[in-house]
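Engineer: A predicted structure for the sequence below; I have some questions about it.
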Amino acid sequence: MEIKVWFDVYECKLMVYHHESERHKEIVKPAKIATFLQAHGLTLADCQYPVETMDHMCLFTKKGTFRLLKRLIKTEMRRD
């Protein structure tokens, strides 16, 4: 599942576009933006222009993977 990601500087939100379903999502909260970028190995500087990547977090499926991944990242940091 390929997605296209870019950061809208004027509205301060991360835009995510899913090619197959032609749907898009906006991520506004800074904590969720940071989690998304960390999961995909990107920075805000990388997202100034549209970047194509795989949907590692399954944002466009009915599963709550975003919450699951966030929980996993927090437990990984606690182990260190």
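Structural biologist: Great, that's in hand.
Engineer: can you list phi and psi of the spatially most central residue of the chain for me?
Structural biologist: Centroid-nearest residue in the chain, with C-alpha atoms, centre = their mean: residue 36, separated by 3.3 Å. Torsion angles at residue 36 (phi, psi; degrees, to the nearest 10) stand at phi -60, psi -50.
Engineer: start and end of stretch 4-15, how far apart?
Structural biologist: 8 Å (C-alpha to C-alpha, to the nearest Å).
Engineer: meant to ask about stretch 51-59, not that
Structural biologist: For stretch 51-59, the first-to-last residue distance is 16 Å (C-alpha to C-alpha).
Engineer: same check, this time on stretch 8-25
Structural biologist: 12 Å.
Engineer: swap in stretch 59-69?
Structural biologist: Stretch 59-69: ends 11 Å apart by C-alpha to C-alpha.
Engineer: pLDDT (mean, whole number) over it?
Structural biologist: The pLDDT scores in stretch 59-69 average 68.
Engineer: wait, doesn't the residue nearest to the centre of the chain sit right on residue 13?
Structural biologist: No - applying C-beta atoms under 8 Å, one finds residue 36 not in contact with residue 13, separated by 11.3 Å. Glycine gets a C-beta too; all of them are placed from N, C-alpha and C.
Engineer: need the residues touching each of these two.
Structural biologist: Common neighbours of residue 36 and residue 13 are listed as residue 27 (criterion: C-beta atoms under 8 Å, 6 or more residues apart in numbering).
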